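Visitor: coordinates only, no sequence provided:
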């Protein structure tokens with residue numbers, strides 16, 4: 001059974017999903033791939049995991065690095081799990097390119113990495129907004145380029161606006 005709860009962020013409403021033990025999804029309302037992987041049967045109510053997630057989001061949106069992660073889980077392919085692990089290794093306020101992630105996980109396809117990043121089920125906390133194009137340009141973001149720009153500015157990341 002999955003549980004859902006809504007969170008109002010400065011960038012719009014966020015849907016949080018979790019099971020008894022871990023966060024399973026976090027999506028901005030209306031983003032591409034919204035609620036992808038969410039069970040059709042779920043109950044809307046707060047849980048200890050969603051409360052911990054909201055605490056993380058409150059700290060993050062106040063402009064500070066949270067310093068912890070809520071427990072995370074996801075039923076993803078092995079490749080997407082590798083990409084997710086690489087995303088979680090990106091320090092707060094820093095960026096990497098799709099090619100750098102590809103090299104780190106041992107693949108030649110930055111495009112495959114880009115596809116996996118686009119399908120990230122745990123936005124913001126798994127920081128796909130910290131991934132840029134090879135030339136340092138701001139590239140696509142399932143939650144919308146404007147949100148990606150605002151998330152980067154929140155972390156004081158210098159951003160080129162050429163996308």
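Guide: Now that the structure is in, tell me what you want to look at. In this text, all values refer to a predicted model and were calculated from it rather than measured experimentally.

Visitor: and the spatially most central residue of the chain, how far from residue 87?
Guide: Residue closest to the average C-alpha location in the chain (C-alpha atoms, centre = their mean): residue 123, at 2.2 Å. The gap separating residue 123 from residue 87 is 11 Å, by C-beta to C-beta, to the nearest Å. C-beta here means a position set from N, CA and C on the backbone, and glycine is covered the same way.

Visitor: same question for residue 99.
Guide: 14 Å.

Visitor: which one's more surrounded, those two?
Guide: Using other C-beta atoms under 10 Å, the more surrounded residue of residue 99 and residue 87 is residue 87, with 22 against 16.

Visitor: so that one sits right up against residue 125, yeah?
Guide: No: Residue 87 is beyond contact range of residue 125, at 9.7 Å (criterion: C-beta atoms under 8 Å).

Visitor: now the strands: where do they sit in the chain?
Guide: 2-9, 12-18, 23-28, 42-44, 96-97, 131-132 (DSSP state E).

Visitor: mean confidence score for the first one?
Guide: Per-region confidence: strand 2-9 scores 97 on mean pLDDT.

Visitor: one step back: ok, the residue nearest to the centre of the chain to residue 78 distance?
Guide: 21 Å.

Visitor: would you map out the domains in the chain?
Guide: 2-61, 78-154 (automatic domain parsing).

Visitor: pLDDT weak spots in this protein?
Guide: Low-confidence segments of the chain (pLDDT under 70): 160-163.

Visitor: what about the longest helix in it?
Guide: Across the chain, the longest stretch assigned as helix under DSSP state H is helix 48-61.

Visitor: show me what it is packed up against.
Guide: strand 2-9, strand 12-18, strand 23-28 (3 or more C-beta pairs under 8 Å, 6 or more residues apart in numbering; DSSP states H and E).

Visitor: let's go with 10 Å and repeat that
Guide: strand 2-9, strand 12-18, strand 23-28, helix 145-154 (3 or more C-beta pairs under 10 Å, 6 or more residues apart in numbering; DSSP states H and E).

Visitor: returning to what we had before: now tabulate the strands of the chain in JSON lines and tack on mean neighbour count and distance to residue 107.
Guide: Listed next are these as JSON lines, based on neighbours: other C-beta atoms under 10 Å; distance: least, C-beta to C-beta, whole Å:
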{"stretch": "strand 2-9", "mean neighbour count": "16", "distance to residue 107": "30"}
{"stretch": "strand 12-18", "mean neighbour count": "20", "distance to residue 107": "28"}
{"stretch": "strand 23-28", "mean neighbour count": "23", "distance to residue 107": "25"}
{"stretch": "strand 42-44", "mean neighbour count": "12", "distance to residue 107": "33"}
{"stretch": "strand 96-97", "mean neighbour count": "18", "distance to residue 107": "14"}
{"stretch": "strand 131-132", "mean neighbour count": "24", "distance to residue 107": "15"}
